[in-house]
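[1] here is a sequence together with a model predicted from it:
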Amino acid sequence: MNQEKIRNFAIIAHIDHGKSTLADRILEITGAVSKRELKEQMLDSMELEQERGITIKMNAVRLNYKGYTFNLIDTPGHVDFSYEVSRSLAACEGALLLVDATQGIEAQTLANYYLALENDLEIIPVINKIDLPSADPERITAELMETFGFTKDEMIFVSAKTGQGVDELLDAIIDRIPAPTGSESGKLKALIFDSRFDSYRGVVVQVRVVDGVLKEKDIIRFMSTKSTYDVVELGFYSPKINQVKELHAGEVGYLCASIKTISDIKIGDTITVDSNPADDLLKGYMPMKSMVFSGMYPVETNEYDNLRDALEKLKLNDASLSFVPETSKALGFGFRCGFLGLLHMDIIKERIEREFNVEIILTSPSVVYQVYLTNGDMVEIDNPSNLPEPGRISKIEEPYIKTSIFVPTEFIGPIMELCENKRGTFVNMEYINKTRVNIHYELPLSEIMYDFFDKLKSVTKGYASFDYDYIGYRENKLVKLDILLNGEVVDALSIIVYKDFAYNIGKNLVNKLRKIIPRQLFEVPIQASIGSKVIARETISSLRKNVLAKCYGGDISRKKKLLEKQKEGKKRMKQIGSVEVPPDAFLEILSAKEQ
Amino acid sequence: MIKSAYIHIPFCKHICSYCDFCKFIYNKDWVNKYLDSLEYEIKKDYKNEVLNTVYIGGGTPSSLSCNELNKLFNICSIFKLNKEYEFTIEFNIEDISEDKLKICKENKINRISIGVQSFNKSYLSFLERNIKVNIKEKIELVKKYFSNINIDLIYALPNQSINDLEDDLNKYIELDIPHISCYSLIIEEHTKLNNMHFKPIDEDLDYEMYKLINKKLKNYNHYEISNYSKNGFESKHNLTYWNNEEYYGFGVGAASFINSTRFTNSKNMVNYMKKIYKKEKEELAIEDKISYELVLGFRKIKGISINEFKNKYGIDIETLYNIKDLLKDNKLVIKDGYIYINKEYLYVSNEILINFV
């Protein structure tokens, strides 16, 4: 295929700015999918994706328009997945920067813009939702010009919903986005930008051929892992599956090579031909790294095997999920799981409960602490209960992020107050226009783990948008806070906290637990301690009343049903020592960290 | 062999705010049709056993007029009663009249159960039992005709203080009645109280109240979680339930236990009056029977006779469920051939009983 006639592009946007709707409209107008076939938001195929309105796994679709071949590459829409976004952008020459005409630039508009810029993409600014009465395209145009330096002529105005302006946009894609420029005769270099697991074909890898030609029956090599495979099948989606014999430089498609697990595939890796390998990898490859860790335990201990099966199945399709077996004195056998971020954690939890029907307990999520010991060694700790004795520690460092918080200027005060309370260090503030700013703070990652997003929304009446980058590790005064139930430390409830906050957190925590843990047949003391020093204490009084009253007219079946219901309730409880604790208690820890 | 029958009269002149039982506002037409259907049901099912106890409950059986009561007793005359029989009818305090008492007396009733609930005007009005008569005078009138009398007390009412309860208890004791049932208020679903979002009182106070009742009624025999009686005045009918024995249940919504099966009649009044008796059924296997035996038997303060249990089921009760552990933990106690819940845990007995379901 003539590379001159290929246009590879992605749509990038802040959440809810209409990315999926625009993709649907493009599919419809190019005739890839008829209106009748068009299920709302075609590219979001997972149930959870459609429910949450976000794209978790990407799709790439090949379309024909006016003699040109378009490859539309979808990107995930959340900060947890920014590495995947950057790799799928690396598969493109251009990006449509979609901005809501009623909202303007938001945090992820900016984050995605910079990702596109890093990948040297031609960016077409697209202002969407111009059909809405509250749309203000002039103001948004000015904003885009001021912030990114676009010119007025570059703007394209569309309504993805009605299709208005989309034809013009498609023409602009042809005119403005450069054709791929790889060398077809060069050694094969193909970028892996996505993969998914298919139970019949094994791992299906999405690739962009940069140089050379990828052929069926080739023996290929993944350059970072050095593993080799036979190419069994090549093809592309339109969005139906189309098999082909070859994929040439500039083209986007999929390959199957009897790859058994998705962990064998590294997003961002380079594929080459084993017999005639390329000299170096495509730039930008990074191994995946989990940022958030949490213990995952079945509520019912006999569900352990089912939980393992569930995690293994999810892992087939999600290389960013990691898990290793872990034992907790309190919770028994489970797994320490690593996630890209909190949204990722949430999605995994929900999928396990929904698709695999295993009820689970997640312990309070933890970041990875770098603990330097007095003997000079450094250990990484992702489970607070594994923190070495204070005497052996010389210092503890924790991961930091830098925020981009977009808000109308009237909320600068509340945002600063919020960030200061989270141990934030102010960096600077950029004015997007007269009424909106981008506020940069440096914050410990652990401080945004629980309700930072909710707080942000509430102090700004929903006007803030938020994004962040990891910026490395910093030393802080950190201590392990233990919780004792009935005199015994509950390992699954331990957390690492900032020393100056420990007293308040401890107090909140025991108070919260007192409310969550139901009364037992005996009095239960709850204590928070640092080392051997108890810093807070509450007591759950013993249960006083739980009795069947009158059996009206001998209606005894009903009373037995009531007992059965109580018994069911008890089954959900986790027995810790002699105390019965509801599963929610372990996550509630998080909210207690709030001051 | 069935030795007991329960008869449900679902009519009330007024609906109390806490009641979630099967009941309807009194309506003459309905009463007539209802009694006809009741007669049909009894004749259809009753197998001429000699009964030990009959209990007419409600609703409010005493809301029936004298004529209707006569009709009801005429239906009941089909029952064969043994010498020691107990035949109870529930009375609302306002319905007590010389005429009605006489009708009861003439028709073999020998026990009256009166829903007093409280002497305190404000709590009575909260329960929507606005009583215009003098309670004490009415009770004295009953005593003229009957010696075996029960009165109900409800406690743990919103805003009730321990002193309020003590006042009530003093008045109850003064009446010198041989049987008192004390129920802690439950705010059930589908009741007016629940709809008005009333919440149960603090459980510590509730427990204090329970302890006060036990202390004040020390001259009574506390024979079941909520029941207190003078010697020989235990409710034989209720003991049928606690002893897990079989019984008939007639009337709309009534429960029965016949041939190892527990039935609950439909609460659909229109169907009932058309003589359509739909029942929910729970057939009991031997394990279920044992489960019920324990759940019910442990309501009795005296507990379950170890020998009788062995005779009935051929199993040593101590080997069942985790009873050994519960004995070791001192939650259950064995004494004089009986196994029972340690008094200390009686008011939290569900925590123990859930082991047996």
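    Looks like it came in fine.
[2] how many residues are close by the residue in the stretch 151-300 of chain B positioned nearest to chain A?
    Using C-beta to the nearest C-beta, B:Tyr207 is the residue of the stretch 151-300 of chain B that sits closest to chain A, at 3.7 Å. Any C-beta I mention is one placed from the backbone N, CA and C, and that applies to glycine too. Neighbour count of B:Tyr207, defined by other C-beta atoms under 10 Å in any protein chain shown: 18.
[3] if you skip the residues just before and after it, what's nearest to B:Gly251?
    B:His8 (3.1 Å; C-beta to C-beta, 6 or more residues apart in numbering or on different chains).
[4] you'd agree that neighbour is up against B:Ala255?
    No: the pair B:His8 and B:Ala255 fails to qualify as a contact (C-beta atoms under 8 Å) at a distance of 9.0 Å.
[5] and the two? Which one has more around it.
    B:His8 (27 against 24).
[6] next, the contact list for the more buried one, please.
    By C-beta atoms under 8 Å, 6 or more residues apart in numbering or on different chains, the contact set of B:His8 is A:553, B:22, B:57-59, B:249-254.
[7] and it, what are its bridge partners?
    Counting by DSSP bridges, B:His8 forms beta bridges with B:Gly57.
[8] distance check, it against B:Thr60.
    11 Å (C-beta to C-beta, to the nearest Å).
[9] what's the answer for B:Met196, then?
    B:Met196 is 22 Å from B:Thr60, where distance means C-beta to C-beta.
[10] what about stretch A:427-441, average pLDDT?
    Mean per-residue pLDDT for stretch A:427-441: 90.
[11] can you tell me the element the residue nearest the centre of chain B falls in?
    The residue lying closest to the centre of chain B (C-alpha atoms, centre = their mean) is B:Asn238, at 6.3 Å. Using DSSP states H and E, B:Asn238 sits in helix B:236-242.
[12] ok, then the element right after that helix?
    Using DSSP H and E, the first helix or strand after helix B:236-242 is strand B:248-250.
[13] and for that next one, what's in contact with it?
    In contact with strand B:248-250 (C-beta under 8 Å, 6+ apart) are residues A:553-554, B:2, B:4-8, B:38, B:41-42, B:45-46, B:255-258, B:263, B:265.
[14] tally of neighbours for the nearest residue to A:Pro180 once chain neighbours are set aside?
    Excluding its sequence neighbours, the residue lying closest to A:Pro180 (C-beta to C-beta, 6+ apart) is A:Gly250, at 3.2 Å. Other residues within reach of A:Gly250 by the criterion other C-beta under 10 Å amount to 25.
[15] I figured A:Gly250 was touching A:Ile6, is that so?
    Yes: between A:Gly250 and A:Ile6 there is a contact at 4.7 Å, judged by C-beta under 8 Å.
[16] mind listing the shared neighbours of the two?
    In contact with both A:Gly250 and A:Ile6: A:179-180, using C-beta under 8 Å, 6+ apart.
[17] which non-adjacent residue is nearest A:Ile405?
    With C-beta to C-beta, 6+ apart, the residue lying closest to A:Ile405 is A:Ile439, at 4.5 Å.
[18] tell me what the one you found is bridged to.
    Applying DSSP bridges, one finds that A:Ile439 bridges with A:Ile405, A:Met429.
[19] that one contacts A:Phe411, correct?
    No: between A:Ile439 and A:Phe411 there is no contact under C-beta under 8 Å: 9.2 Å.
[20] strands of the stretch 201-350 of chain B, residue ranges please.
    For the stretch 201-350 of chain B, the strands defined by DSSP state E, counting those that start in this stretch occupy B:221-224, B:227-229, B:248-250, B:255-258, B:261-265, B:279-283, B:304-305, B:332-335, B:338-341.
[21] quick one: low-confidence residue ranges for chain A.
    A:1, A:35-58, A:77-80, A:450, A:551-553, A:590-595 (pLDDT under 70).
[22] how about the residues of it by chain B?
    A:519, A:521, A:541, A:543-560, A:563-564, A:566-567, A:570 (C-beta under 8 Å from any C-beta of the partner chain).
[23] go again using 10 Å as the cut-off
    A:519-521, A:541-571 (C-beta under 10 Å from any C-beta of the partner chain).
[24] in ChimeraX, select just the buried ones from those residues.
    Here is the ChimeraX command that selects the buried residues among these (16 or more other C-beta atoms under 10 Å in any protein chain shown):
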select /A:519,520,521,543,544,545,546,547,548,549,550,551,552,553,554,555,556,557,559,560,563,566
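[25] that older thread, the residue nearest to the centre of chain B against B:Thr53, yeah?
    Yes: using C-beta atoms under 10 Å, B:Asn238 is in contact with B:Thr53, at 8.8 Å.
[26] so what sits against both of those two?
    B:4, B:86, B:88 (C-beta atoms under 10 Å, 6 or more residues apart in numbering or on different chains).
[27] doesn't B:Tyr34 belong to a strand?
    No: going by DSSP: H, G, I helix; E, B strand; the rest coil, the assignment for B:Tyr34 is helix, not a strand.
[28] buried subset of the contacts of strand B:248-250?
    Buried among the contacts of strand B:248-250 (16+ other C-beta under 10 Å): A:553-554, B:2, B:4-8, B:38, B:41-42, B:45-46, B:255-257, B:263, B:265.
[29] number of nearby residues for A:Arg351?
    19.
[30] got the contact list for residue 199?
    Let's take chain A. Taking C-beta under 10 Å, 6+ apart as the test, what A:Ser199 contacts is A:313, A:316.
[31] the chain in question should be chain B.
    B:Lys199 makes contacts with B:158, B:187, B:193, as judged by C-beta under 10 Å, 6+ apart.
[32] excluding residues flanking it in the chain, which one is nearest the first one?
    The spatial neighbour of B:Pro158 that comes closest, neighbours along the chain excluded (C-beta to C-beta, 6+ apart), is B:Phe198 at 5.6 Å.
[33] neighbours of that neighbour, how many?
    With other C-beta under 10 Å as criterion, B:Phe198 counts 17.
[34] quick check: it touching B:Glu188?
    No: applying C-beta under 10 Å, one finds B:Phe198 not in contact with B:Glu188, separated by 11.0 Å.
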